[in-house]
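# dropping the sequence and predicted coords here.
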Amino acid sequence: MTIRPATSLRYPRHCPRHARPAPAARRRRGAGARRRSVVTLALPELLEELDTTVEGLAAALALYTAVLAGALLPLERAAAALGLRAVGAAGFRLFAVACLACAQAGDLTGLLVARGAQALGGAAGLVAAFALLAGVELHGRRL
């Protein structure tokens with residue numbers, strides 16, 4: 001028995017088309033790897049400029065993910081109470097200001113604070129965007 005890597009999988013002709021991954025889904029896997037590599041390209045310069053360790057920069061990357069994931073549900077409740085437009089607009093503004101703060105960060109602490117704020121703003125923007133998409137119809141079908 002030969003084990004083939006996942007990239008060389010062939011679906012039999014009798015396999016229903018809906019059971020096969022869509023070509024766009026296969027492309028997205030590669031796009032995620034490219035995004036990670038773009039961040040990785042900046043790591044040596046960040047190590048030097050911020051005079052920090054690899055662990056410190058890993059914390060900056062992980063902090064963004066943790067804050068984004070943890071803020072989605074509370075921000076969804078806030079959007080229900082305050083309105084999607086207000087939460088989304090505030091989130092995108094916060095994200096933009098936090099991006100500028102990340103660019104100006106002079107040490108690891110400043111970068112961590114800015115990345116946390118960036119994730120919080122991104123989460124608010126995502127809540128508004130997901131709610132907007134939930135109400136959109138395309139060709140008579142809801143997304």
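Great, that's in hand.

# what's in contact with stretch 120-139?
The contact list for stretch 120-139, computed with Cβ atoms under 8 Å, 6 or more residues apart in numbering, reads 64, 67-68, 71-72, 75-76, 79, 84-85, 87-98, 142-143. Where you see a C-beta, it was placed from the backbone N, CA and C, and this is true even at glycine.

# switch to 6 Å and redo it
67-68, 71-72, 75-76, 79, 84, 87-88, 91-92, 94-95, 98, 143 (Cβ atoms under 6 Å, 6 or more residues apart in numbering).

# those: which two are farthest apart?
Taking every pair in the contacts of stretch 120-139 and measuring Cβ to Cβ, the maximum separation is 28.7 Å, between 98 and 143.

# which one of these two has more residues nearby?
For the pair residue 98 and residue 143, the greater number of neighbours falls to residue 98 (20 against 9), based on other Cβ atoms under 10 Å.

# burial measure for residue 82, as a count.
Neighbour tally, residue 82, other Cβ under 10 Å: 12.

# list the buried residues in stretch 41-50.
46, 50 (16 or more other Cβ atoms under 10 Å).

# same thing with stretch 110-127?
In terms of neighbour count (16+ other Cβ under 10 Å), stretch 110-127 has its buried residues at 111-112, 114-127.

# helices - which of those land there?
Within those, residues falling in helices by DSSP state H are 111-112, 114-127.

# name the nearest of the residues you listed relative to residue 51.
residue 111 (11.6 Å).
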